Each structure stands twice: as C-alpha cells, then as structure tokens.
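Q: Task: produce atomic coordinates for the following.
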Amino acid sequence: MIKVENLHVSYYGNEVVKDVSFEFNTGSLIGIIGPNGAGKSTMIKAILGLIPKDKGTITVDQQSIDEARKKIAYVPQRNDLDWDFPINVFDTVLMGTYPKLGLIKRPKEREKELAKESLKRVGMLDYANQQIGELSGGQQQRVFLARALAQEADLFFLDEPFVGIDVASEKKIVDILKELKDEGKTVFVVHHDLSKVESYFDELILINKELVKAGKVKDVFIYETMNKAYESSFAFPRIEGARA
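A: Below you'll find the predicted structure:
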C-alpha cells in the first residue's frame with residue numbers, strides 16, 4: 001500500500017500542490033490527470049523525495065519513502081534527460097540493477113541477464129549496442145521502461161510516458177503496464193489524453209493544484225468532477241464515454 005497524507009509543495013513561496021491525500025493498494029494502474037499546470041509532475045517528484053515538500057507524510061507498506069526506495073522505479077519525462085550522454089541501450093538498462101547492488105558491488109551475470117530480459121520484454125533487445133540518443137522517442141521510452149523493469153520494483157511512477165512517441169510504442173508500454181498490474185505491482189502514470197483514460201486505467205488521481213478526487217475511474221471520470229478540475233465546460237463533454 002502507498003499512502004499520501006496532507007502533501008503541500010511550494011515554489012518560491014507559491015503553493016503549487018496543496019492538501020493532497022490518497023491511498024492505493026497493490027495491483028493498481030493509476031492515472032494522474034488534470035489540466036496543464038495542475039501540479040501532476042510536481043506531486044510525484046515530491047512523493048519520491050526528488051524535490052522538497054512543505055509538509056506531508058508518504059509511506060509505502062508503513063515505511064518511509066527513504067526506507068522503501070529500492071522498491072520504487074521512476075521514469076521521468078523525456079525532456080528531463082540528457083540524450084547526448086555517451087551510453088548505449090544495454091548499459092542504460094543495466095543501471096536499473098544498481099540500487100539493489102549498493103555502492104561497492106558491480107553487476108554480475110544475474111544483473112546482465114535481467115537487463116537482457118527487460119530489453120526483450122519491451123522489444124528493444126536488438127538495439128542493445130546503440131547509443132541512447134540515436135533512438136526514436138518511442139524507442140527511448142521503451143528503454144527507460146526496461147530500466148525500471150530491471151529494478152524489480154513494486155511501485156512504478158511514469159511521468160508523461162506517451163508524449164511524442166509512436167502508436168506502436170504506446171501500445172507496447174500500455175500492455176506492459178497492465179501486465180505489471182496483474183503481477184501485483186502498483187503503477188502511477190501522469191497522463192494528459194483524456195480519450196484513453198477509461199481504457200488505460202483502473203483508478204485515477206484528479207488534481208488541479210489540490211486534490212479534486214481520487215478513486216475508481218467510474219467514480220472520478222464523470223462530468224461534474226472533471227469540469228470542476230478543468231474549470232471549463234468545453235474540455236470534458238466532448239470525451240467519448242463520459243458520464244453525465
């Protein structure tokens with residue numbers, strides 16, 4: 001279980017995430033949605049301790065984030081990464097095994113096999129020796145998902161994984177995320193395409209700086225709640241399948 005209580009985050013004195021609380025059990029695929037500037041990425045970075053929070057408590061199986069860090073994998077937005085860094089695909093994925101090795105130990109045959117299997121799972125094993133910057137956007141995103149898989153985590157956080165990628169890569173990634181859920185993993189995805197919410201996710205976190213609602217898709221993805229979050233009547237009613 002992951003539990004977030006009373007999370008507040010500020011930038012330069014301006015509160016950008018306020019009073020966010022939710023909890024989810026294992027085996028869930030959770031979409032994080034909301035308008036541009038709603039604090040979606042900021043929220044997950046604060047949950048993971050990548051940026052400071054003003055206040056709030058985050059626990060994973062009753063452990064602090066620091067205690068549970070080895071259980072957690074994070075795939076950042078593609079524009080947060082240095083694609084010119086001279087590293088190939090295989091070594092990028094192998095880095096996913098480092099957190100459980102510690103500072104001194106070096107990857108051995110088990111870790112190398114795990115990296116290969118992770119690349120195979122995302123359909124990128126044939127690209128193992130290519131420099132990461134030579135790949136397409138969809139291929140890059142698959143590689144970083146493979147790195148997360150190599151971590152053997154229980155919780156996965158992906159920040160806008162479908163932006164700027166091809167349809168085939170998006171389908172492959174979604175299929176793997178659903179497999180992870182079926183394996184008992186908990187997966188959080190910052191997502192912006194409302195037309196795919198119902199087909200991708202089981203549960204949702206809807207925020208606009210503060211939490212609007214969290215829970216099952218059927219309870220969150222409804223007309224009144226979505227219009228409250230988006231502060232507009234033009235965006236949501238056009239979404240096919242929306243319930244009034």
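
Q: quick one: Thr57 is in a helix?
A: No - using DSSP: H, G, I helix; E, B strand; the rest coil, the assignment for Thr57 is strand, not a helix.

Q: Roughly how far does it sit from Ala46?
A: 12 Å (C-beta to C-beta, to the nearest Å). Backbone N, C-alpha and C define where each C-beta goes, glycine included.

Q: So if I had to pick from these two, which one is more boxed in?
A: Ala46 (24 against 13; other C-beta atoms under 10 Å).

Q: which residues touch the more buried one?
A: Residues near Ala46 by C-beta atoms under 8 Å, 6 or more residues apart in numbering: 7, 9, 17, 52-53, 56.

Q: List the contacts of Leu81.
A: Going by C-beta under 8 Å, 6+ apart, Leu81 touches 140, 144.

Q: Could you pick out the longest helix of this structure?
A: helix 167-182 (DSSP state H).

Q: Residues contacting the next helix or strand after that helix, please?
A: Next along the chain after helix 167-182, taking DSSP states H and E as the criterion, comes strand 186-190. Residues outside strand 186-190 that contact it (C-beta under 8 Å, 6+ apart) are 2, 24-32, 40-41, 44, 154-161, 177, 180-181, 200-201, 205.

Q: cool, stretch 164-177 as well?
A: 29, 78, 121-123, 136-139, 141-142, 145, 149, 156, 158, 161-162, 187, 189, 200.

Q: same thing but at 10 Å, please
A: 29, 75, 77-79, 121-124, 136-142, 145-146, 148-149, 156, 158, 161-163, 185, 187, 189, 193, 196, 199-201 (C-beta atoms under 10 Å, 6 or more residues apart in numbering).

Q: Reformat the contacts of Ala46 as JSON lines; add secondary structure.
A: Formatted as JSON lines, the contacts of Ala46 follow (three-state DSSP):
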{"residue": "Leu7", "secondary structure": "strand"}
{"residue": "Val9", "secondary structure": "strand"}
{"residue": "Val17", "secondary structure": "strand"}
{"residue": "Pro52", "secondary structure": "coil"}
{"residue": "Lys53", "secondary structure": "coil"}
{"residue": "Gly56", "secondary structure": "strand"}
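
Q: which one of the residues you listed sits closest to Tyr98?
A: Pro52 (24.4 Å; C-beta to C-beta).

Q: I figured the closest one hits Leu7, correct?
A: No - in this structure, Pro52 is not within contact of Leu7 by C-beta atoms under 10 Å, at 11.7 Å.

Q: More neighbours: which of the two?
A: The residue with more neighbours, out of Pro52 and Leu7, is Leu7; 24 against 9, by other C-beta under 10 Å.

Q: Can you tell me how far Thr57 is from Ile30?
A: Distance from Thr57 to Ile30, by C-beta to C-beta: 19 Å.

Q: do Glu23 as well
A: 11 Å.

Q: Find the residues that touch each one of these two.
A: What both Glu23 and Ile30 touch, as defined by C-beta under 10 Å, 6+ apart, is the set 2, 214.

Q: Those two: which is more packed in?
A: With neighbours defined as other C-beta under 10 Å, Glu23 and Ile30 compare such that Ile30 has more, 22 against 11.

Q: and that one, what is it in contact with?
A: Counting by C-beta under 10 Å, 6+ apart, Ile30 has contacts 2, 22, 24, 157, 181, 186-189, 191, 201-205, 214-215, 217.

Q: now the residues you listed: which count as buried?
A: 2, 22, 24, 157, 181, 186-189, 191, 201-205, 214-215, 217 (16 or more other C-beta atoms under 10 Å).

Q: How about Arg69, nearest residue that isn't a chain neighbour?
A: Closest residue in space to Arg69, ignoring its immediate chain neighbours: Pro99 at 7.1 Å, by C-beta to C-beta, 6 or more residues apart in numbering.
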